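[1] Give me a 3D structure for the following:
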Amino acid sequence: MSIRYEDATADVMELAREIIAEHFPELRNVKIKYLFDLKKRMSGGMNVLARCQRSNDLLKFFTIDESGDEEGYAYIVYVDKLLWGNIERADKTKLLRHEFRHIFIDDESAKNPYKLVDHDVSDFRDEIALNTDDPRWDERLAELASALYEQQEEMESEE
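    Predicted structure coming up:
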């Protein structure tokens, strides 16, 4: 059996805490689980470099003990491990910050305050403003991920 996910390393969580403190103070007390995706994920013909998922009741149940909270994790952020290990801190920051923009806490919702929002444009307007020096960072990282997976496939086929 091939495992798909593993817990993200401490550097992911440390960087996430820094980003939340600087850009998303409203997420400071939100329980977020970070996982590495160990396999290439595609959606709509494009590499998925990272993604954010709102926990459902089952995921919350399975994460109660680990989260230290009686409700478990509210969100799960998945990051492509192969890509993460091959990019600089600035790109890691862009990747996580982008995922955090999907998180919306609706304090007016009695049922479940944890929501996800889609992009306002192909990215988020706030992210575009923060990345004027590198507006196509996501395309650059997607190309890198494709190259890394091609290289990995070639190495595996040679073995």
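[2] Now do whichever strand or helix holds Y78: everything it contacts.
    Per DSSP states H and E: Y78 is located in strand 75-80. Outside strand 75-80, the residues that touch it by Cβ atoms under 8 Å, 6 or more residues apart in numbering are 5, 8, 12, 16, 30-37, 40-41, 47-55, 59, 95-96, 99, 103, 114, 145. Every C-beta, even on glycine, is put in place using the N, C-alpha and C of the backbone.
[3] Drop anything exposed from those residues.
    Those of the contacts of strand 75-80 that meet the buried threshold are 8, 12, 16, 30-37, 40-41, 47, 49-55, 59, 95-96, 99, 103, 114, 145, by 16 or more other Cβ atoms under 10 Å.
[4] Go through those residues and flag which are in helices.
    The helices, defined by DSSP state H, take in 12, 16, 59, 95-96, 99, 145 from the buried ones among the contacts of strand 75-80.
[5] of those residues, closest to S109?
    Closest to S109 out of these is L59 (18.3 Å), distances taken as Cβ to Cβ.
[6] How much space separates that closest one from Q53?
    Separation of L59 from Q53 (Cβ to Cβ, to the nearest Å): 8 Å.
[7] how far off strand 75-80 does the helix or strand E22 falls within point, in degrees?
    Assigned by DSSP H and E, E22 falls within helix 10-23. Using axes from the mean of the first three to the mean of the last three Cα atoms, to 10 degrees, the direction of helix 10-23 lies 120 degrees away from that of strand 75-80.
[8] helices or strands up against helix 10-23?
    strand 32-37, helix 89-100 (3 or more Cβ pairs under 8 Å, 6 or more residues apart in numbering; DSSP states H and E).
[9] Minimum distance to I20: which of the ones you listed has it?
    Across the helices and strands packed on helix 10-23, closest to I20 is helix 89-100 (Cβ to Cβ), at 6.9 Å.
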